[in-house]
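Chemist: Model the structure of this input:
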Amino acid sequence: MARKGRDTLKLFFQRGALPSADHFGDFIDSTVNQVDDGFKKTAEHGLEISSLGTFDSLISFFRENRSPQALWSIGYDEERDKLLFRKLDDAGQPLTVLSLTPDGKVGVNRKDPVHELDVDGFVSAKGRIGTASAELAVPADGRWHDVTETLTGCHALEVIAGVGKPKTGRYAMLHGVAMNAYNPAGILFNLFRRKNRIRAQHAYYSSRRDRLQLRWRGHNREFRLQLRSGCDFGEGCFVRYYITRLWFDAAMAGSSAEAGGGIRSRSKDD
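Modeler: Reported below is the predicted structural model:
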């Protein structure tokens, strides 16, 4: 049945007209039906939208009323209850640009995200802050302080830290990468700490003694990362730091044959 506009429907029901069954059918089809059209509004859930039949589409956006294809669409995945935001690519095919999974993962240009935020493309930001540690500061008193919880296994951490005392000329910064694989111990077995050496870059204003330092400290297979200032900056002065995890398979479980090496190929619309 052809769609009718409001002006046409008004003509069917103006004073003196005799509407036919088809006219009443056109009028009924011009209204929203909660059962047939798959959406309603309730106090509990607000606007409720359901897919119809075997189709997965929920919302489609068209440039014009008579456009044959939607420029943008929102719908479910064919196999899982992922919510997909799609657009038409240069070939006129739907391309997933945003994917939301039931377990809270978000994919950008990725249909099947593996991580909490999985981006297939470039990320532009004015900065980034690591938050792998619960605390963000330790006293600048020249003593060693733990900056991680007790760890075991294989870990790689990026640390950025800074301390300063205004109007004294005492400022220092550190950027380091600390890696450790089950904390090899022993003077001969890990001579000069070569197996878990920490590489760091330093910047300071006045004295070399103000520099910040990192080290691993632990026993057997358990260890912590520690941070200190080279000397005491005085009461009320703290070293601020941010830690970013760079490795996420402490037991190297992804390297096993059963896990397929933890590697899988992924297409752009994976």
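
Chemist: Where does pLDDT dip in the stretch 151-270 of the chain?
Modeler: 186-193, 257-270 (pLDDT under 70).

Chemist: Kindly recompute the last result at 90.
Modeler: 167, 183-197, 219-220, 254-270 (pLDDT under 90).

Chemist: where do the strands sit along it?
Modeler: Ranges of strands in the stretch 151-270 of the chain, per DSSP state E, counting those that start in this stretch, are 154-165, 170-181, 198-204, 212-219, 222-229, 238-245.

Chemist: Partner strands of the first one, with direction?
Modeler: The reference is to strand 154-165. strand 170-181 (antiparallel), strand 238-245 (antiparallel) (DSSP bridges).

Chemist: quick one: contacts of the last one?
Modeler: The one in question is strand 238-245. 128-133, 136-140, 147-148, 155-163, 212, 225, 227-229 (CB atoms under 8 Å, 6 or more residues apart in numbering). Any C-beta I mention is one placed from the backbone N, CA and C, and that applies to glycine too.

Chemist: Turn the strands of the stretch 151-270 of the chain into CSV, including distance to residue 16.
Modeler: Formatted as CSV, the strands of the stretch 151-270 of the chain follow (distance: least, CB to CB, whole Å):
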stretch, distance to residue 16
strand 154-165, 81
strand 170-181, 85
strand 198-204, 89
strand 212-219, 91
strand 222-229, 88
strand 238-245, 77
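
Chemist: for the closest residue to residue 114 other than its chain neighbours, what are its contacts?
Modeler: Excluding the flanking residues, the one nearest residue 114 by CB to CB, 6 or more residues apart in numbering is residue 105, at 7.4 Å. Residue 105 sits next to 99, 113-118 when contact means CB under 8 Å, 6+ apart.
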